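In: missing the sequence, but the structure's below:
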């Protein structure tokens with residue numbers, strides 16, 4: 001069945017001209033429906049586009065949240081590492097302080113003793129700071145902080161060794177008294193002939209306390225020939241001290257002592273002419289003048 005057709009007649013009264021338009025029903029309704037549906041379709045398209053953008057924004061927001069959380073975790077780790085390094089630096093600042101008397105005495109130690117104490121050239125093993133940057137900022141910072149931490153470990157080791165050497169270096173007078181016989185060549189007090197004196201004789205009142213001149217361990221405490229009652233301390237790093245002619249002991253073999261601890265008392269045992277302390281220092285088994293290490 002064909003589509004119905006309608007005619008529209010337009011007449012101009014002034015001129016008498018008549019115009020006729022013929023239209024088909026269904027095509028015309030289709031055009032009208034399309035005109036009315038265009039705004040609806042445009043609105044639906046805009047709504048769909050907006051919804052797609054919202055979904056994309058939500059997806060981006062989730063990704064940003066995850067990334068921010070990762071940054072916060074990384075920042076927290078770096079802050080903790082920085083805090084730890086700061087504490088290590090503060091601790092090293094305290095540990096680096098060495099007793100001035102011990103520091104002056106250490107300056108007179110032979111190089112071989114210092115090398116033994118410091119364990120050789122530790123600086124050679126320190127990793128370089130160059131070529132450490134990673135692809136990301138946090139990775140680069142983490143690598144740099146790790147390198148600084150490694151360097152601090154080596155510095156800490158050096159500081160601890162220096163403090164240990166300082167504690168083991170004889171640096172104080174072992175007894176209150178006066179120097180009656182120095183280190184070196186002298187006249188033998190018994191025979192009057194030439195003699196080499198391997199230490200210092202410090203005259204003091206009988207029973208005066210004798211103090212350890214550095215941290216160490218008692219290697220022996222007993223009678224030993226011309227020394228009489230002798231205490232020998234092993235301070236490590238090849239450093240040994242001897243305290244002779246004691247009247248009695250305040251320590252025993254194997255005991256750990258610290259600088260200033262009482263180890264015995266002044267006497268006149270062994271080959272001695274009067275009450276005094278005989279004091280010796282050996283570095284790697286060789287006698288040295290104690291005056292080089294004693295504080296003024």
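Out: That came through fine. Predicted model, so just to flag it, every value in this text is computed and none were measured. Residues are numbered from 1 along each chain as shown.

In: let's verify residue 294: helix, strand, or coil?
Out: coil (DSSP: H, G, I helix; E, B strand; the rest coil).

In: now do the contacts for it.
Out: Contacts of residue 294 were listed using Cβ atoms under 8 Å, 6 or more residues apart in numbering, and they are 105, 170, 171, 172, 173, 213. Glycine gets a C-beta too; all of them are placed from N, C-alpha and C.

In: and what of residue 200?
Out: By Cβ under 8 Å, 6+ apart, residue 200 lies in contact with 179, 181, 182, 183, 278, 279, 280, 290, 291.

In: skipping adjacent residues, who's closest to it in space?
Out: residue 279 (4.8 Å; Cβ to Cβ, 6 or more residues apart in numbering).

In: got it, and residue 185?
Out: Using Cβ to Cβ, 6+ apart, the closest residue to residue 185 is residue 196 (5.8 Å).

In: ok so the one you found is a strand residue?
Out: Yes. Membership of residue 196 in a strand is supported by three-state DSSP.

In: that one touches residue 187, doesn't it?
Out: No. Counting by Cβ atoms under 8 Å, residue 196 does not reach residue 187; the two are 11.0 Å apart.

In: can you count the residues close to residue 158?
Out: Close neighbours of residue 158, defined as other Cβ atoms under 10 Å, add up to 16.

In: show me where pLDDT drops low in the stretch 101-250 of the chain?
Out: Scanning the stretch 101-250 of the chain for pLDDT under 70 picks out 118-156, 190.

In: after the lengthiest strand in the chain, which helix or strand is next?
Out: Using DSSP state E, we find that the single longest strand of the chain is strand 239-249. Next in sequence after strand 239-249, counting helices and strands by DSSP states H and E, comes strand 256-257.

In: quick one: list the elements packing against that next one.
Out: Here strand 256-257 touches strand 216-223, going by 3 or more Cβ pairs under 8 Å, 6 or more residues apart in numbering; DSSP states H and E.

In: which helices and strands does the strand it packs on pack with?
Out: Using 3+ Cβ pairs under 8 Å, 6+ apart, strand 216-223 is in contact with strand 229-236, strand 239-249, strand 256-257, strand 262-266.

In: so what touches it?
Out: Here strand 216-223 has contacts from 168, 229-236, 239-241, 249, 251-257, 263-264, 269-270, using Cβ under 8 Å, 6+ apart.

In: in ChimeraX, select just the buried ones from these.
Out: With 16 or more other Cβ atoms under 10 Å as the criterion, this ChimeraX line picks the buried residues out of these:
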select :168,229,230,231,232,233,234,235,236,239,240,241,249,251,257,263,264,269,270
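
In: show me where the stretch 1-150 of the chain has strands.
Out: Taking DSSP state E, counting those that start in this stretch, the strands of the stretch 1-150 of the chain run over residues 5-11, 18-24.

In: avg pLDDT for the first one?
Out: When pLDDT is averaged over strand 5-11, the result is 70.

In: try stretch 61-71
Out: 75.

In: coming back round to it: will you turn the contacts of residue 200 into JSON lines that also has distance to residue 38 and secondary structure?
Out: Converted to JSON lines, those look like this (distance: Cβ to Cβ, whole Å; DSSP: H, G, I helix; E, B strand; the rest coil):
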{"residue": "179", "distance to residue 38": "118", "secondary structure": "strand"}
{"residue": "181", "distance to residue 38": "122", "secondary structure": "strand"}
{"residue": "182", "distance to residue 38": "119", "secondary structure": "coil"}
{"residue": "183", "distance to residue 38": "116", "secondary structure": "coil"}
{"residue": "278", "distance to residue 38": "119", "secondary structure": "strand"}
{"residue": "279", "distance to residue 38": "113", "secondary structure": "strand"}
{"residue": "280", "distance to residue 38": "114", "secondary structure": "strand"}
{"residue": "290", "distance to residue 38": "111", "secondary structure": "helix"}
{"residue": "291", "distance to residue 38": "112", "secondary structure": "helix"}
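
In: show me which of the residues you listed are buried.
Out: 181, 183, 278, 279, 280, 290.

In: ok, residue 168 to residue 232 distance?
Out: 14 Å (Cβ to Cβ, to the nearest Å).

In: same question, residue 260
Out: Residue 260 is 18 Å from residue 232, by Cβ to Cβ.

In: now do the helices in the stretch 101-250 of the chain.
Out: 111-118, 137-168 (DSSP state H, counting those that start in this stretch).

In: which other residues reach the shortest one?
Out: Taking Cβ under 8 Å, 6+ apart as the criterion, the residues outside helix 111-118 that touch it are 106, 158, 161, 162, 164, 165, 168, 237, 238, 239, 283, 284.

In: what do you get if the cut-off is 7 Å, keeping everything else the same?
Out: For helix 111-118, the external contacting residues (Cβ atoms under 7 Å, 6 or more residues apart in numbering) are 158, 161, 164, 165, 237, 238, 239, 283, 284.
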